[in-house]
Every structure is written in C-alpha cells, then in structure tokens.
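Peer 1: Build me a model:
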Amino acid sequence: MINTLIFDFNGTMFFDGLLQKNSWREFLEERFGSSMTDHEFGEHVAGRNNRHTFEYFTNRKFTDAELFEIAEQKEQLYREYCLRQPGKFRLVTGLPELLSRCQQEGTKLNIATASERTNVDFFFEHLHLDKWFDIDQIVLNNGELPGKPAPDMFLQAIKNVGATPANSAIFEDSASGIEAANHARVGQVVLVEDSELDKMIIPANLRVDKIIHDYQHLKL
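Peer 2: Residues are numbered from 1 along each chain as shown. Take a look at the predicted model:
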C-alpha cells in the first residue's frame with residue numbers, strides 16, 4: 001500500500017525544462033564558451049547536481065568555494081528566467097489538489113531535489129510549498145549525500161517522514177532520477193513527462209510503473 005509520495009522538484013512538480021535548458025545554455029556559453037546539446041542536457045543536467053554538470057562541461061575540477069560562486073551565478077540567471085515567465089512558473093496541473101487531498105487523508109509528503117538551498121527557498125516563497133511540505137524535512141543538494149543516480153537522497157527523504165521504501169511512490173522526470181528510484185527499491189516509480197520537451201528515453205532495464213503528464217485523476 002502506498003502511503004508516502006516523494007517528489008523530485010524540477011520537471012516533476014514544476015515544468016521548468018525549457019527554462020532550465022535555456023538558462024544553462026546561456027550561462028555555459030557566456031561564462032565558459034561551452035555549447036550544450038539536447039542529449040547532453042538530458043544526460044548531464046537533468047536530475048544531476050551542479051558539480052557533475054559544471055565539471056562535465058568544463059572538463060575541470062572545482063573547489064567548493066569556486067563551485068558555490070559559479071553555481072549561484074547560474075541559479076540567479078535561472079530564477080530571473082522563472083520570474084520573467086509567470087505563466088510557466090507554477091505547479092503542474094492537478095498537483096495542488098493532489099497535495100491537499102494527501103494532507104487530508106494522512107498521506108506523507110516529501111521532496112528530494114538536486115536543487116540547492118537558494119533555489120529551494122525561492123520555490124517555497126513563490127510557489128507556497130509550505131502549505132504541504134516541511135522545509136526542514138526535504139532533502140536538497142547540500143553536498144552531504146551522493147547525487148542521483150545514487151538512491152541516498154530518496155532514502156533520506158523517506159526516512160525523514162518516518163516512511164519505508166516499500167510503501168513509497170517516487171515521482172521523477174530524469175533518467176538518473178528513475179535509476180535512483182529503482183536503486184531505492186520503492187513501491188512505485190512514476191515518470192512525469194513534460195509535453196513541451198522531447199520524450200524521455202528510459203533504459204529498458206529500469207522499472208517505471210506509471211507515466212503521467214499531469215496530476216489530474218492520478219491513482220496509485
């Protein structure tokens with residue numbers, strides 16, 4: 001029985017794939033003179049932490065201080081993209097209703113995201129996530145846990161709300177996130193697809209129990 005829902009955030013609760021892709025392209029080109037293909041976005045940006053992405057595109061290592069500086073510059077650009085397009089900066093259709101229903105029914109909720117603290121605070125402020133989530137329980141990219149496709153972030157998010165993997169459903173939009181959910185051995189793995197992006201290619205060896213495009217009429 002599924003009694004816990006764990007969400008990745010970007011591309012799962014908020015369809016920001018084009019905003020992410022455009023802000024990454026602009027930043028990599030202007031800061032490093034690097035280009036990014038759609039395939040590289042899916043493989044090395046979506047669901048990945050900033051260290052992996054920057055080290056892949058620049059072919060160099062960064063100190064923690066260097067990484068913090070350039071990551072914050074990039075994320076500031078991303079947040080500007082979000083605020084310039086308020087029509088897109090909203091939760092996926094049907095999600096607010098689902099979250100409120102889960103609260104009423106006692107279903108546990110949490111987030112495990114590759115986003116860093118500044119973006120998480122931004123999302124909580126502008127999308128009012130505190131209606132449904134405890135910011136102190138969510139798991140984010142603070143350098144303490146291995147990033148996806150390792151399962152650690154999902155397992156910690158499940159533990160933080162007193163749940164078990166077998167009774168949890170994970171909602172993801174990236175191949176690395178789906179792989180992490182498989183490694184976590186959760187009860188259900190749900191792929192969330194954004195119709196504005198190319199269809200995600202998930203390796204055949206990974207389990208996906210359900211594919212959705214919004215949260216209307218979702219049954220688990």
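
Peer 1: starting at the chain centroid, how far to stretch 10-18?
Peer 2: Centroid separation between stretch 10-18 and its chain, computed with CA atoms, centre = their mean, to the nearest Å, is 8 Å.

Peer 1: Next, the buried residues of it.
Peer 2: By neighbour count on 16 or more other CB atoms under 10 Å, the buried set for stretch 10-18 is Asn10, Gly11, Thr12, Met13, Phe14, Phe15, Asp16, Gly17. Every C-beta, even on glycine, is put in place using the N, C-alpha and C of the backbone.

Peer 1: Could you export the residues you listed to CSV, including columns for pLDDT?
Peer 2: Listed next are the buried residues of stretch 10-18 as CSV, based on pLDDT from 0 to 100:
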residue, pLDDT
Asn10, 93
Gly11, 92
Thr12, 96
Met13, 98
Phe14, 95
Phe15, 95
Asp16, 92
Gly17, 87
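
Peer 1: residues making contact with stretch 193-211?
Peer 2: For stretch 193-211, the external contacting residues (CB atoms under 8 Å, 6 or more residues apart in numbering) are 11, 15, 17-18, 38, 42, 173-175, 178-179, 182, 188-191, 212-213, 220.

Peer 1: Does the lowest-mean-pLDDT helix or strand in the chain pack against any helices or strands, and if so which?
Peer 2: In the chain, no helix or strand scores lower on mean pLDDT, DSSP states H and E than helix 38-44, which sits at a mean of 89. Contacts defined by 3 or more CB pairs under 8 Å, 6 or more residues apart in numbering; DSSP states H and E place helix 38-44 against helix 17-32, helix 50-58.

Peer 1: what's the spacing between the lengthiest helix in the chain and its chain's center?
Peer 2: In the chain, with assignment by DSSP state H, the single longest helix is helix 64-84. Using CA atoms, centre = their mean, the mean C-alpha position of helix 64-84 is found 16 Å from that of the whole chain.

Peer 1: What residues sit buried inside that helix?
Peer 2: Per 16+ other CB under 10 Å, helix 64-84 contains these buried residues: Leu67, Ile70, Ala71, Lys74, Glu75, Leu77, Tyr78, Arg79, Tyr81, Cys82.
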